[in-house]
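> sequence and predicted structure are below.
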Amino acid sequence: MLELSILFPSVLNGLTTGAVYALIALGLTLIYGVLHIINFAHGAALMVALYGVYFLQQRAGIDPYVALPIMVPAMFAFGYALQRFVIGRASHGKDENILLVTLGISIILENLALYAFKSDTRSIDTAYTLTTVNLAGALISLPKVVAFGGALATAAVLLLVLGRTDLGRAIRACAKERQGARLVGIDVDHVFAMSFGIGLACLGAAACFLLPAYYVNPTVGNGFVLIAFTIVVLGGMGSFTGALVGGLLIGVVESVGGLWLGESLGQIGIFLIFIAVLLFRPQGLFGAKA
Amino acid sequence: MKELAGILVFCALVALAPQFISSGVTLNLIIMTLYAALLGQAWNILGGFGGQFSFGHAVFFGSGAYAMAVLQVKFGWNAWAALAAALACGAAVGAFIGALSFRYGLKGSYFALVTLAFAEVFRILANTFTFTGAGVGLMLPLKESTADLQFADKTGYLYLILAFVLVGLLVTWWLKRSRYGAWLQAVRDNEDSAAALGVNVFRVKLGAIMISGALMAAGGAFYVQLFHYIDPHIAYGPAVSIEALLGPIIGGMGTLWGPLLGAAVLHGLGELTRAVMGDVPGVNLIAYGVVLILMVTFLPRGIIGLFHKKAKDAPRA
Amino acid sequence: MLDVRGLSISFGGLKAVDEVSLAVPKGAIVGLIGPNGAGKSTLFGLVSGFLRPQKGSVHFLGQDITALAPHHICRLGMTRTFQIVQPFGAQTVRENIAVGAHLRRASRGEALDHAEKIATQVGLASQLDKLALNLTVAGRKRLELARALATDPALLLLDEVLAGLNPQEITEVIPVIRQIRDAGVTVLMIEHVMQAVMNLAESVYVLSNGRLIAQGTPGEITANPEVIEAYLGHGTAARLRKAAGGQHA
């Protein structure tokens, strides 16, 4: 069918993209797992983060990777504020309302960006943008390799925080049993806001890894939203392993799909998988049956 | 009966408007408001009355639009015949998506997501195939005559969109006082109870998505005739899906006048922002997003909910 | 009218309903009692099509309805109510009942008229234009009954229609149920309120841990030691007998 010499780099590329997808999906699945929110604003938030990284580089000369310690806390604060002061207030806890509120936020963010930055697509040039790395004969661009490592490292940190810290325990408690958590003295609203903040902090990190190999414009979020949802549903809503595996899988599907079906049609595989999972196995690969 | 009279009076007033309004800009505003109302009415049938929130209603819009364009441009069909086919196309896509989704029991957020996915799949397909013009899209040749459903004078388009809106109003009116409508709203309010009372939940939902799809396809067909152009992004992109749900949510879901009221508020708001901030792209949408959030927070039953004193606190959103 | 044979279903490892057989003759009021968790509502779910049995069959009016969907079974003449009432909240009482009425009436006007009649029958006439979610518990229970009644059923499956009602309300509803039967509807009712069971039911089935442990007239089953044990615990029957025997000394 396809020659290994073409397939192999495609798979590797897919894995590197997939790792970043996984990081994006991790934030989304955390938000879903804890708050039971399907965050439609996730893509728009990523777009905001990408612009953040972009301007830090353009105006302050800060390299994207160096910007990590700035972007991650900034996005965390943004997420905390959004959940605490907007989403939490507006939705009265009802599912359909949350969908609409996050949709509203995404509309606002996207069009604020459109208003402020026009619709031009921008990308950055760094010293290493064009550098490639030779991996067993395949030439993969350096930013992508860094993205792979960075994304996995960030995911590991996230899992450590959730598994080993008090905050992580509180988050898992709130996810399992909201009222019970309240009864044992956990400030649920605060924990929810922290979770949302962490979810968006993942986007901050993802943006730092993404921009050197990618681009930004006001609507870039839309493309990521659906892919992130696909991964979360494929992996299982609320499952971190699922988000990781799903992300890598989808990255490869997209890459090989593009190879096989061409640039335009290539992405269709992702959405067909999405639909299939929703219909036939809504709990995903690693999720619990609802 | 009062409502029926209200519908006819409203349509008569709008039909007479061109006699008193000569400003092309104002007529255009009325046309676009009615167009938005039509999209809202379509969404309202499935979402407001059926309780199934779709976030990808563009899938029906685009199918209608492409049916209209492809049949005329590539197969030389007559515009009226193409319109009939476009409506059928919308209903067929509705049947397809509905059969799959409802057969597998998709509800709530999962249903919203699957409609989004389908819209995206269709967008990619339209972007790929040459018969839909791929990324470039399709252009409708200018042939201004009623037989071609194109009009040199704005008034013609006004009557066309008014006719569609009238159909939408009549369908909604019928939903409020028919057995099918009672069944549909029962399914919306509690599926299990409805089934226990003899309602075929699957068939009822399927019917709703087909009617909604056909009406949305009419919106797509109208778009093509008005703007003479369609491409995958316009046809299946998120803008149309969002436009479809904003009106009913703001005006009042599951009501007769909600979509119209919502469309009027949105377009009025759009004009206001344009007056204040100038003709900047995206500004009116920011306002829409803010209004959406405010609505959900404070007025979940929409503006019409303000007038329904019966419910003390029944957030239907 | 209703013939249940060897119905069984398990959830995970738990046998929720275990080889249950019962028969409801036409025109009767049959009671189904048992301690909490005995499987009574699960049995209703199996009979009315909401759950698929793993073993056994259900025959209604001579027809095998085991694999049929709930709405189909309702159309054949068997309507059930839910233990946890599920009204169409944002609709009025009249509109709620009308949904049931529409099963056999296509015209909106007819359905609404029939809804009014049924509402009067169960005592909801004064609340016809109230929103369902504004009703009290007692009101909602009556609404649940009214909706089911509006479908003109041959067999009515009532799931704890009296739960949550105070004694006054209970004495009001009991005659309503009797009138329903007198008008030609067969009734199978799950009930905890013993007063109602004794008053209304001609025959009673007792379920415990998914199995049928007794059946008979109300008088027979209340004296049945196994039934007493199921409700009050192991050894209670003997203790009660001893106490009664001691008093006869």
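The structure has been received and is ready for your questions. Residues are numbered from 1 along each chain as shown, chains lettered A, B, ... in the order given.
> which other residues reach stretch B:252-267?
With CB atoms under 8 Å, 6 or more residues apart in numbering or on different chains as the test, stretch B:252-267 has contacts from B:3, B:7, B:29, B:32-34, B:36-37, B:39-41, B:43-44, B:47-49, B:165, B:168-169, B:172-173, B:176, B:185, B:188, B:246-251, B:288, B:291, B:301-305, B:316-317. Just so you know, the C-beta spots here come from the backbone N, C-alpha and C atoms, and that holds for glycine as well.
> flag the shaky bits of the stretch 51-200 of chain A, pLDDT-wise.
Within the stretch 51-200 of chain A, the set of residues satisfying pLDDT under 70 comprises A:91-95.
> where exactly do the strands run in it?
Taking DSSP state E, counting those that start in this stretch as the test, the strands found in the stretch 51-200 of chain A are A:132-135, A:138-141.
> most tightly surrounded among those strands?
Each of the strands of the stretch 51-200 of chain A was scored by mean neighbour count; the highest is strand A:138-141, a mean of 16, by mean count of other CB atoms under 10 Å in any protein chain shown.
> and that strand, which strands flank it?
With DSSP bridges as the test, strand A:138-141 is paired with strand A:132-135 (antiparallel).
> who touches the partner strand?
Residues outside strand A:132-135 that contact it (CB under 8 Å, 6+ apart): A:12, A:139, A:140, A:141, A:142, A:145.
> please name the residues that touch the closest residue to residue B:274 other than its chain neighbours.
In this structure, residue B:274 finds its nearest non-sequential neighbour in residue B:284, 6.7 Å apart by CB to CB, 6 or more residues apart in numbering or on different chains. Applying CB under 8 Å, 6+ apart, we find residue B:284 in contact with B:269, B:270, B:273, B:274.
> and residue B:284, that one's in a strand?
No: checked against DSSP: H, G, I helix; E, B strand; the rest coil, residue B:284 lies outside a strand; its state is helix.
> what pLDDT does it get?
On pLDDT, residue B:284 comes in at 81.
> got the phi and psi for the residue of chain C found nearest chain A?
Residue nearest to chain A within chain C: residue C:12 (11.8 Å; CB to the nearest CB). Backbone geometry at residue C:12, expressed as degrees, to the nearest 10, gives phi 60, psi -120.
> CA atoms of stretch B:110-120 as PDB?
C-alpha atoms of stretch B:110-120 as PDB (Å, rounded to 0.1, in the frame of the first residue of the first chain):
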ATOM      1  CA  TYR B 110     -23.800  14.300  22.900                       C
ATOM      2  CA  PHE B 111     -26.500  15.100  20.400                       C
ATOM      3  CA  ALA B 112     -25.200  18.700  20.100                       C
ATOM      4  CA  LEU B 113     -21.700  17.400  19.500                       C
ATOM      5  CA  VAL B 114     -22.800  14.900  16.800                       C
ATOM      6  CA  THR B 115     -24.600  17.600  14.900                       C
ATOM      7  CA  LEU B 116     -21.400  19.600  15.000                       C
ATOM      8  CA  ALA B 117     -19.400  16.700  13.700                       C
ATOM      9  CA  PHE B 118     -21.800  16.100  10.800                       C
ATOM     10  CA  ALA B 119     -21.700  19.700   9.800                       C
ATOM     11  CA  GLU B 120     -17.900  19.500   9.700                       C
END
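> any chance you could list what contacts that stretch?
Against stretch B:110-120 from outside (CB under 8 Å, 6+ apart): A:38, A:99, A:226, A:229-230, A:233, A:271, A:274-275, A:278-279, A:282, B:52-59, B:62, B:97, B:101, B:106, B:236, B:238, B:241.
> ok, and residue C:66, which helix or strand is that part of?
Secondary structure from DSSP states H and E places residue C:66 outside every helix and strand.
> and residue B:266, by the same measure?
helix B:258-277.
> again, but for residue C:205
Residue C:205 belongs to strand C:203-208 when elements are defined using DSSP H and E.
> what's in contact with stretch B:77-93?
B:59-60, B:63-65, B:67-68, B:71-72, B:147-150, B:210-211, B:213-218, B:220-221, B:225.
> and the closest residue to residue C:21 other than its chain neighbours, bridged to which residues?
Distances taken as CB to CB, 6+ apart place residue C:5 nearest to residue C:21, at 5.1 Å, with adjacent residues excluded. Using DSSP bridges, the bridge partners assigned to residue C:5 are residue C:57.
> what's the burial count for residue B:17?
When counting by other CB atoms under 10 Å in any protein chain shown, one arrives at 15 neighbours for residue B:17.
> what does residue B:130 give?
For residue B:130, using other CB under 10 Å, the count is 8.
> and for residue B:193?
Neighbour count for residue B:193, taken as other CB under 10 Å: 23.
> likewise the one 4 residues further on?
Under the neighbour criterion other CB under 10 Å, residue B:197 is assigned a count of 27.
> for it, which residues are in contact?
Contacts of residue B:197 (CB under 8 Å, 6+ apart): B:186, C:71, C:74, C:79, C:99, C:100, C:103, C:147, C:148, C:151.
> in three-state terms, label the third one for me.
Taking three-state DSSP as the rule, one finds residue C:74 in the helix state.
> which residue is the nearest non-sequential neighbour of it?
Leaving aside its chain neighbours, residue C:74 sits nearest to residue B:198 (3.7 Å; criterion: CB to CB, 6+ apart).
> what mean pLDDT does the helix holding residue B:266 get?
Average pLDDT, helix B:258-277: 89.
> any buried residues in that helix, and which?
Judged by neighbour count (16 or more other CB atoms under 10 Å in any protein chain shown), helix B:258-277 contains these buried residues: B:258-267, B:269-270, B:273.
> quick one: which of those is nearest residue A:250?
Among the buried residues of helix B:258-277, residue B:266 lies closest to residue A:250 (CB to CB), at 35.7 Å.
> measure the closest one to residue A:105 for me?
From residue B:266 across to residue A:105, the span is 18 Å (CB to CB, to the nearest Å).
> same deal with residue B:261?
Distance, residue B:261 to residue A:105, using CB to CB: 24 Å.
> you'd agree residue C:203 is up against residue C:219?
No: assessed by CB atoms under 8 Å, residue C:203 is found out of contact with residue C:219, at 10.9 Å.
> next, count neighbours for the residue nearest to residue A:264 when sequence neighbours are not counted.
Counting by CB to CB, 6+ apart, residue A:264 lies nearest to residue B:128, which is 4.7 Å off, once chain neighbours are set aside. The tally of other residues near residue B:128 (other CB under 10 Å) stands at 18.
> I'd guessed residue B:128 sits against residue A:265; true?
Yes: with contact defined as CB under 8 Å, residue B:128 and residue A:265 form a contacting pair (4.7 Å).
> so what's residue 111 up against?
All of this refers to chain A. A:218, B:282, B:283, B:285, B:286, B:289.
> to clarify, I was referring to chain C.
The neighbourhood of residue C:111, defined by CB under 8 Å, 6+ apart, consists of B:179, B:182, C:98, C:101, C:102, C:105.
> just give me the neighbour total for the fifth one.
Look at residue C:102: counted by other CB under 10 Å, it has 28 neighbours.
> how close does it get to chain B?
5 Å (CB to the nearest CB, to the nearest Å).
> so who does that residue touch?
The neighbours of residue C:102, taking CB under 8 Å, 6+ apart as the test, are B:179, B:182, B:183, C:111.
> same question, the second one
Residues counted as contacts of residue B:182 (CB under 8 Å, 6+ apart) are C:95, C:98, C:99, C:102, C:108, C:111.
> so what's the gap between the helix or strand residue B:95 falls within and the chain middle?
Per DSSP H and E, residue B:95 falls inside helix B:79-103. Offset of helix B:79-103 from its chain centre (CA atoms, centre = their mean, to the nearest Å): 14 Å.
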